[in-house]
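In: From the sequence below, what's the structure:
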Amino acid sequence: MTTDLKGPVAIEIEARLRAALSPDHLVVIDDSEKHRGHAGHDGSGESHFTVEIVSDRFAGQTRVARQRLVNAALADLLAEKVHALAIKARAPEDA
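Out: So this is what the prediction gives:
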């Protein structure tokens, strides 16, 4: 189950993506509860996320290049706090 309440990691993800990519649309979904009992879920939450993002920065970029831009903006969070990140990155003309 996802929740509309945002924890500190979700808030940080959103802030960093807004600063780095100036998105037209951004949704950060905490999927952690879906992964209870799976690897990377320690019970504290905020370990698994889905990001839906639309940005002009993705225009002309491949899917992999778009994901790299998102990963670069969140690099230390991915290394230290986030176990899994699903990325749905589109340019405005793709949305």
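
In: buried stuff in the longest helix along the chain?
Out: Looking across the chain with DSSP state H, the single longest helix is helix 8-21. Within helix 8-21, the residues that count as buried by 16 or more other CB atoms under 10 Å are V9, A10, E12, I13, E14, R16, L17, L21. Glycine gets a C-beta too; all of them are placed from N, C-alpha and C.

In: Give me the neighbour count for the closest residue to A20 other than its chain neighbours.
Out: Counting by CB to CB, 6 or more residues apart in numbering, A73 is the residue found nearest to A20 once chain neighbours are left out, at 3.8 Å. Neighbourhood size, A73 [other CB atoms under 10 Å]: 19.

In: Okay, L5 and I11: tell me how far apart.
Out: Separation of L5 from I11 (CB to CB, to the nearest Å): 10 Å.

In: a markdown table please, covering the buried residues of helix 8-21 and showing distance to R57.
Out: Shown next, in a markdown table, are the buried residues of helix 8-21 (distance: CB to CB, whole Å):
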| residue | distance to R57 |
| --- | --- |
| V9 | 23 |
| A10 | 21 |
| E12 | 19 |
| I13 | 16 |
| E14 | 16 |
| R16 | 14 |
| L17 | 10 |
| L21 | 5 |
